[in-house]
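*Asks:* Sharing a model that was predicted from the sequence below.
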Amino acid sequence: MEFTGFPFLTAILLTCVAGLFVILAIPAAHKAWIKWVSAAFSGITLLLSIYLFFAYDKGQGGLQFVEKYRWVASIGITYLNAADGFNLPMLLLTGIVFFTGVLTMWELDYRVKEFFALYFLLVSGVFGLFMSMDLFFIFVWYDVSLFPMYLLIAIWGSTRKEYGAMKLTLYLLAGSALILPAIVYLFVQAGLNTFDVTLLMRPGTFSPFEQKFAFIFLFIGFGILAAVWPFHTWSPVGHVAAPTPVSMVHAGVLMKIGAFGVLRVGIFLCPEGWQYWAPLMAVLAAIGIVYGAFVGLSQTDLKYCIGYSSVSHMGIVGLGLATVSVDGLNGALFQMFAHGIMTALFFSAIGYIYDRTHTKMIDELGGLSRIMPVASTYFIVAALAGIGVPGLASFWGELMVFIAAFKTYPLWGTLAVCALVISALFMLRVVQRTFYGPKNEKYEHIPDVSFGLGLPRMILLSVLVIFGLFPWLMFDMIETASIPFMNGLPR
Amino acid sequence: MKWVLFYPELYYFAAGMIFLFMSLAKQNNPRRDYLIALFLAVLGVVICLASIRQDGLLFFQAYRVDLFSQVFKVLLSLGLFLIISICANLNGVAERYHAEFYLLLFVCTLAMMLLVSCVHILSIYVALELSSYSLYILVALRRDEQIGLEAGLKYFLVGIFASAVMLFGVALLYSTMQATYLTEMIRVLPGLMDTPAVVIGLLLTLCGFFFKLAVFPFHFWAPDVYQGAANQVTAYIATASKVAAVAILTRMVAVSGDGSAYLVHVLVTLAIVSMTVGNLAAIVQKDFKRLLAYSTVAHAGYVLIGILSMNWAGYMSAIFYVTALLIMKFTVFMVIVKVADDGRNLDVSHLAGLYRRSPLLAMALMVSIFSLAGIPPTIGFTGKFLVFIAALEKGYFALVLIAMINVVISLYYYLMILKAAYLMEPEKVQPEIQLSIPSKILTGALVAVMVVVGIYPHHLIELTRAAAKLLI
């Protein structure tokens, strides 16, 4: 057993699990209690993740807050949590989206207890995956974060919810069907009888062939969750069907799990496989960027629009990973964070509009900015972030990725930048039709968003602005991991 | 001769005798029968646990008591106890047969305990037949005689066919090796694995066990029998009987040492076909027990992957997997018995509104369904994980991939069950399901075991490792 100081990472995880049990213990009739308890526990995880983000010693770098415990010695499973420059931004993102998601769902009235119980279960999996450094646990958390989705979408969702839920679950678990054999394959081939990533990632553990072989399974398996084209079709359908906070967690955090999995398992363990398959990754990512933007252009449902813009934006993450460079990694990680916050804001804003108007069809809305100016602002800011306006967080992520992409893949880089213009067009079109133009008299009486309900959106918006104005906060963090990692690669 | 080694078997024999005499009584008293059976079953678990460290040979070396057999005896006694614990309202069987029902359950458990300890091919055969015949009658005991008899007859016909094939295999093996003791075979057999007669003989012998485990192509009885038998009997076939089948199958395959390419190819094919056929057929089922029958066929395929790896990790994973199967399948059947309290057959759609009628049962169903589907953090996932490690140590990557694809297919129908329990509303409002305090505790304990052992399998892995070591 090996602990350095207070186990903050486990504390985050245990807070989630404790929250789950407390919620289960409260009788279902006490809905207000359940919400307050959820807010309290998710608030604690947010505070812990903020603390970790700033307590991490950037000068020293490397793995910090390490918690190691021999779990099942005979087959080499270790309970190993650690924080580094790659996962701290993700933990922070999860904390923010988790907390704001609970607040967004404050008005829920149908099967409240079960909703929050499943929501906590899902987020425990997400936290666990981001902090774990052991392949067994990474896989366990991966699935823990997926299977509550089925019930969450199928019970509380909208628009073809059962179809969406089934499609999403089967797609994502098909991804895990590729991941598990690859993980076990790597475990067996290494012959070290350990699932510990830090030991397996030492150079020379795997032959080039093994790396290439395993990487493609890991890339596609995790890539399905990151909505890599052509495995993205579950994503818009799932987004549309899911209830608001689940869309937030789903687009905001779950899709990042996919990209993070490619990084933590695929790229960490099979760097040569990564370099070998990078051109393929770049092509798929570029197609995703262009395709997402074009399909988004023709959508009439607000949530579908955001769903396809997510495909496009996750393509940028993929392109960043495919460049095999420090800038690319930095940009990809930053984009993951920024996109997470941005889509959470998107879905949160749409959630309010949908709760009040009971429609998310662009044609039926219109002129909303005069009816609910504050609520509209949230959406419009998110849209601006989606376009990549400087001053908002996602600008930096996209910028770094495109700089790196131009160096490595001039053709795909150019194509992707052109697609950005289209995505700007489609975002502005959505904003124009929904929030400006003639207003729909039907919705005139709807009040603007109250302070309490506006709070989660406000938090998300401020995070976008803060990291837009001070990107070094994030870049300094990511570089503590990306530079040593790239330097350690065999050339 | 040390009788202490034989105590568990003697105990179950005596318990069976008690019910034999009780069945002679003129008056029926189901409540009394149930309580006595429950008490005897609990005592049986205690006795089996107490004798887990026994070690030795009996009856001219034909009967071996070691950790391997004792672990399985504990599992079997546990299985019997669990099944009897859900017999409080045994409405699927006519009241006048209750004593016979318990008699047969105890005798069948006794036979399976003999089976896991036998190391002589003829005593294996006798034990196998004893357990099968008890089950044939148990299936036919269904209150609705027509359904029960049809199922029982089907089971019987496929069963005797399988045992005829098995006897032929045994004859072939004997003709080439002149050995009947497994301990002798294990010395001779690995050298003869290229002889066609030996490979065929071994495969035909295994057919008898494939029948028990419901491996393709010996699975045809499963759907009809599962559907036709009383719910508790089906539960027993799906849990305890599978435990015994895996035990003896593992022991027989281990005899062949590293095996031969032919043998492995056949087993690989059977595993793949079992998984695929089972899962695909399960998708279209409406009757819950029928669906579970096909899912059992699929699970037989997964277990077979562990066994055909023919390494120590593989045998260990098979033992682990069947332990997991015992717990998760039983939990599902417990939900069936509680929901269908009048002993009727249950359609999947009859689960509608379960989350409101009994949140606890709905949760137990959810966890066990996810466990059956092999989703972490449950014991079913850990079982699959170990199986896959064993298979990949032998380099069967494609096999593991196919198994995982099957997991995704199976997820579809498992999610349908979940959808019925959590999403669908019943056509007319149904009363809440009242659970007694002991049933609540049992349900909670099962859920806890499935999750905790799934996350922290250390102790179970150590136990199964020690048991599997004795095979090689």
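*Replies:* Everything's here; your move.
*Asks:* Which parts of the stretch 351-491 of chain A are helices?
*Replies:* Under the criterion DSSP state H, counting those that start in this stretch, helices of the stretch 351-491 of chain A are mapped to A:368-371, A:373-387, A:393-408, A:410-435, A:451-469, A:472-487.
*Asks:* Which elements pack onto the longest one?
*Replies:* Helix A:410-435 makes packing contacts with helix A:271-297, helix A:302-322, helix A:368-371, helix A:373-387, helix A:393-408 when contacts are defined by 3 or more Cβ pairs under 8 Å, 6 or more residues apart in numbering or on different chains; DSSP states H and E. C-beta coordinates here come from the backbone N, C-alpha and C atoms, glycine included.
*Asks:* The ones you listed: which one's closest to residue B:302?
*Replies:* Distance to residue B:302, taken as Cβ to Cβ, is lowest for helix A:271-297 among the helices and strands packed on helix A:410-435, at 28.7 Å.
*Asks:* That closest one close to chain B?
*Replies:* No: judged by Cβ under 8 Å from any Cβ of the partner chain, helix A:271-297 and chain B are separated, with a smallest distance of 15.4 Å.
*Asks:* sorry, back to before: ranking the helices and strands packed on helix A:410-435 by mean pLDDT, which is last?
*Replies:* Comparing mean pLDDT over these, the weakest stretch is helix A:368-371, at a mean of 82.
*Asks:* Restrict that one to CA atoms and write it as CSV.
*Replies:* The C-alpha atoms that make up helix A:368-371 are tabulated as CSV, following Å, rounded to 0.1, in the frame of the first residue of the first chain:
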residue,chain,number,x,y,z
LEU,A,368,-36.8,34.3,-28.0
SER,A,369,-34.3,37.0,-27.2
ARG,A,370,-37.1,39.4,-26.6
ILE,A,371,-39.1,37.0,-24.5
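*Asks:* looking at the helices and strands packed on helix A:410-435, which is buried most?
*Replies:* When neighbours are counted by mean count of other Cβ atoms under 10 Å in any protein chain shown, the highest per-stretch mean among the helices and strands packed on helix A:410-435 falls to helix A:302-322, a mean of 29.
*Asks:* out of the helices and strands packed on helix A:410-435, nearest to residue A:6?
*Replies:* Using Cβ to Cβ as the criterion, the shortest distance between residue A:6 and the helices and strands packed on helix A:410-435 is 30.1 Å, found for helix A:393-408.
*Asks:* for the helices and strands packed on helix A:410-435, which one sits closest to residue A:459?
*Replies:* Residue A:459 lies closest, by Cβ to Cβ, to one member of the helices and strands packed on helix A:410-435: helix A:373-387, at 10.8 Å.
*Asks:* So which residues on chain B come close to chain A?
*Replies:* By Cβ under 8 Å from any Cβ, the part of chain B that sits against chain A consists of B:355, B:370, B:375-377, B:381, B:385-386, B:388-389, B:392-393, B:397, B:400-401, B:404-405, B:407-408, B:411-412, B:415, B:418-419, B:422-423, B:455-458, B:461-462, B:465.
*Asks:* pLDDT weak spots in the chain?
*Replies:* I went with chain A, as the question did not name one. Screening chain A residue by residue with the criterion pLDDT under 70, one finds the ranges A:1-4, A:490-491.
*Asks:* Oops, wrong one, chain B.
*Replies:* If you take pLDDT under 70 as the line, chain B has these spans: B:1, B:259.
*Asks:* Noted, bye for now.
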